[in-house]
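Trainee: Whatever this is, show me its structure:
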Amino acid sequence: MQTPNELKYAASHEWLASDGTVGISDFAQDQLGDVVYVELPEVGRVVTAGESIAVVESVKTASDIYAPASGTIVAVNEQLSGNPELVNSGPYGDGWLFKLDVTEEGGDLMDAEAYTAANG
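Mentor: Numbers count the residues shown, from 1 in each chain. So this is what the prediction gives:
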């Protein structure tokens, strides 16, 4: 399982980069299986850390995606509408979900070591 050290992780398996980019972890995409659809939030939406704001559907299940920080959605990954499998093939790259203009990080974010220990 890949867990890049430069990211912060929520217990609900979202990651947050320093530039506000958000996605789901390698562990989460592996647990979901083949992703077939991604419902992304609207650009401009103001969100609160911990709020359910998106959905990732796989052949196994649908999972809510929670905001790992409070802020405003400033971009969404439009590539996912035609290629939802990018979440599986590049969870830390082309499979990112959305970007936030972060006003406050969620209180439960972990570093890579703590996230790996919790999901090892």
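
Trainee: Span of stretch 45-61 from start to end?
Mentor: Counting by C-alpha to C-alpha, to the nearest Å, you get 26 Å between the two ends of stretch 45-61.

Trainee: Skip the chain neighbours and tell me the closest residue to the residue nearest the centre of the chain.
Mentor: Nearest to the geometric centre of the chain sits Gly23, at 2.5 Å (C-alpha atoms, centre = their mean). Closest residue to Gly23 apart from its sequence neighbours, by C-beta to C-beta, 6 or more residues apart in numbering: Trp96 at 4.3 Å. Just so you know, the C-beta spots here come from the backbone N, C-alpha and C atoms, and that holds for glycine as well.

Trainee: other SSEs contacting whichever strand or helix holds the residue nearest to the centre of the chain?
Mentor: Assessed by DSSP states H and E, Gly23 sits inside strand 21-24. In terms of contact count using 3 or more C-beta pairs under 8 Å, 6 or more residues apart in numbering; DSSP states H and E, strand 21-24 is assigned the packing partners strand 14-16, strand 98-105.

Trainee: how about the ones you listed in JSON lines, adding mean pLDDT, mean neighbour count and distance to Asp34?
Mentor: Listed next are the helices and strands packed on strand 21-24 as JSON lines, based on pLDDT from 0 to 100; neighbours: other C-beta atoms under 10 Å; distance: least, C-beta to C-beta, whole Å:
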{"stretch": "strand 14-16", "mean pLDDT": "98", "mean neighbour count": "24", "distance to Asp34": "19"}
{"stretch": "strand 98-105", "mean pLDDT": "96", "mean neighbour count": "18", "distance to Asp34": "21"}
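
Trainee: Using TSV, lay out those strands together with distance to Ala114.
Mentor: Converted to TSV, the helices and strands packed on strand 21-24 look like this (distance: least, C-beta to C-beta, whole Å):
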stretch	distance to Ala114
strand 14-16	13
strand 98-105	14
